[in-house]
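Predicted model and sequence below, questions to follow.
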Amino acid sequence: MYFKLNQLAMVSLLTVGVVGTASANVYIDHNDGDIRENSVLVVNSDLNKDEIKNPKFVWKDEKGTVVGLGKKLVVTPDILGNSQNLTACISYINQDDLTSSIQCSNEMSLNSVQTLDALAPRINEKEVSDVLVGKFIAATEIVNLSYNVYNKGETTPIDESAITDAIYQWRIDGALVKTVTSPSNKQFLVPETFDNDEDPGTAEVPVEAGMPLTVSISVTLSSEAGGGSGIGGDNFTIQENFPGGNVADNYYRPMLSIETDYDEGDEATESEFIVRTDGNGVATDEMTGDDVYGFAALPQDIAAQECTNRGLRLVSNPTAFSSYLTVETAGGKTEHWPYDVRMLWSSEKDATEPGSYFNYYNAVGYIYNTPSDSTGGGEFKVVGQDPASLALVVCEDIPK
């Protein structure tokens, strides 16, 4: 059985897209004659998959609350108890003229199956925030999702054990690549190529640095935690697989300019905020190329914020980091990092005189024994720097 839906019913959503040439007769389909708890609704249409690309799906109720993402929607007790009507919307790009369209439905009534309890929590009474996928995001790397769930207006997160059901959807560059329905399954292996699970006819696309990785989260809480549900998510940027190595124990190689939130300028032009090396970390005068990598050189406060944005922290102990580099650059894990092209920031204040007079921060630098001759070797030292100086950004894990 299916409920036929009218084309372009929700006019308020059309302002975000230009009506294109592909026609849609959108409908919600399900296998049973009745909708009940745990029924699976599917949004379908008369759209030919050869006419469109990048389809996306949203389910909303009469309050404008998004109750689901994706082609399928499981009718949870919260939806039955707290929503009177459902609407499904599809966004897509027309292949003919490459314009965007949004097609939406009439409202489908749930009044005949509702189980509304006046004391039950309203849907989305919970807030999902503090979303991180942590560590290093690049093709072939495994990332770990973390987030917190709060009662609205409260600052203490609800214990993770209270989450009874969850749906995690992972998208790369807008395409759905993985859906998980187990609350504890938070790992995601970033693939080298991907297609769109919502449009199986799409071709495989290589994962590239700079593409957005989006995770969407929907959770349901136990009755002991007050019940209710919530949705959340966030966008992250996929990073470059640097040939010289990305992770060295609890340290993460210096950030590239394409990986930061800060605007360092055009990658292809000269910028004081970008230091270029080859894949072995050796400085180069080349501006672009397959073996040219532009590392971000930033002031200390911005460097610290960039690490925080990743759920990490700027190097906290420059003395320990200096000792680590001394060992690992001698044929070890950081041998091909760009360790000698700029200083490497830390979060430690310079307590020595006269650096402390000027609020200097300590950085780690590879100091040549003869400044004008790199052939004579050198050593890593902790050196105080004006916080406005431009140095590279190395983040580290935050101890649990």
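Structure's in. What do you need?

CA atoms for contacts and neighbours, from now on please.
Noted.

mind listing the strands for the stretch 201-350 of the chain?
205-206, 212-221, 229-237, 247-248, 251-252, 274-277, 293-298, 313-314, 344-349 (DSSP state E, counting those that start in this stretch).

Return the set of residues that bridge with residue 148.
In this entry, residue 148 is beta-bridged to residue 129, by DSSP bridges.

That one: what's it in contact with?
Residue 148 sits next to 128-131, 157-158, 160 when contact means CA atoms under 8 Å, 6 or more residues apart in numbering.

Which among those count as buried?
For the contacts of residue 148, a burial check counting by 16 or more other CA atoms under 10 Å picks out 128-129, 131, 158.

For those, which two are the farthest from each other?
131 and 158 (14.3 Å; CA to CA).

quick one, what contacts the residue most central in space within the chain?
Centroid check for the chain by CA atoms, centre = their mean gives residue 236 as the closest residue, at 2.5 Å. Residue 236 makes contacts with 133, 212-214, as judged by CA under 8 Å, 6+ apart.

Look up which helix or strand residue 367 falls in, please.
Using DSSP states H and E, residue 367 falls within strand 361-370.

Tell me which strands that strand pairs with, and in which orientation.
Partners of strand 361-370 in the sheet, by DSSP bridges, are strand 344-349 (antiparallel), strand 373-385 (antiparallel).

for these, which one ends up most surrounded?
Comparing these by mean neighbour count (mean count of other CA atoms under 10 Å), strand 344-349 ranks first with a mean of 24.

Now do that one and strand 293-298, the angle between them.
20 degrees (axes from the mean of the first three to the mean of the last three CA atoms, to 10 degrees).

Mind pulling up the pLDDT for the nearest residue to residue 252 once chain neighbours are set aside?
Leaving aside its sequence neighbours, residue 252 sits nearest to residue 395 (CA to CA, 6 or more residues apart in numbering; 5.4 Å). We have a pLDDT of 96 for residue 395.

Please report the number of neighbouring residues for residue 395.
By other CA atoms under 10 Å, the residues close to residue 395 number 28.

I'd say it and residue 314 touch.
Yes - look at residue 395 against residue 314 with CA atoms under 8 Å: they come within range, at 4.5 Å.

Name the residues contacting each of these two.
Shared contacts of residue 395 and residue 314, counting by CA under 8 Å, 6+ apart, come down to residue 307.

on that earlier part again, okay, the strands of the stretch 201-350 of the chain in TSV with mean pLDDT and distance to residue 260 next?
Formatted as TSV, those follow (pLDDT from 0 to 100; distance: least, CA to CA, whole Å):
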stretch	mean pLDDT	distance to residue 260
strand 205-206	91	22
strand 212-221	90	13
strand 229-237	86	9
strand 247-248	92	17
strand 251-252	95	14
strand 274-277	94	11
strand 293-298	94	8
strand 313-314	97	14
strand 344-349	98	15
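
right, so of these, which gets closest to residue 41?
Here strand 212-221 is closest among the strands of the stretch 201-350 of the chain (CA to CA), at 16.5 Å.

Now do the closest one and strand 229-237, the angle between them.
160 degrees.

ok, back up a step: any chance of TSV for the buried ones among the contacts of residue 148, columns pLDDT?
Formatted as TSV, these follow (pLDDT from 0 to 100):
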residue	pLDDT
128	91
129	92
131	92
158	93
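
picking up where we left off before, show me which of the contacts of residue 236 is closest to residue 377.
residue 133 (39.3 Å).

which ones are touching the closest one?
So residue 133 contacts 143-146, 236, 310 (CA under 8 Å, 6+ apart).

I'd like the distance from the residue lying closest to it once chain neighbours are set aside to residue 175, if you could.
Once flanking residues are discounted, residue 133 sits nearest to residue 145: 4.4 Å by CA to CA, 6+ apart. In this view, residue 145 and residue 175 are 18 Å apart by CA to CA, to the nearest Å.
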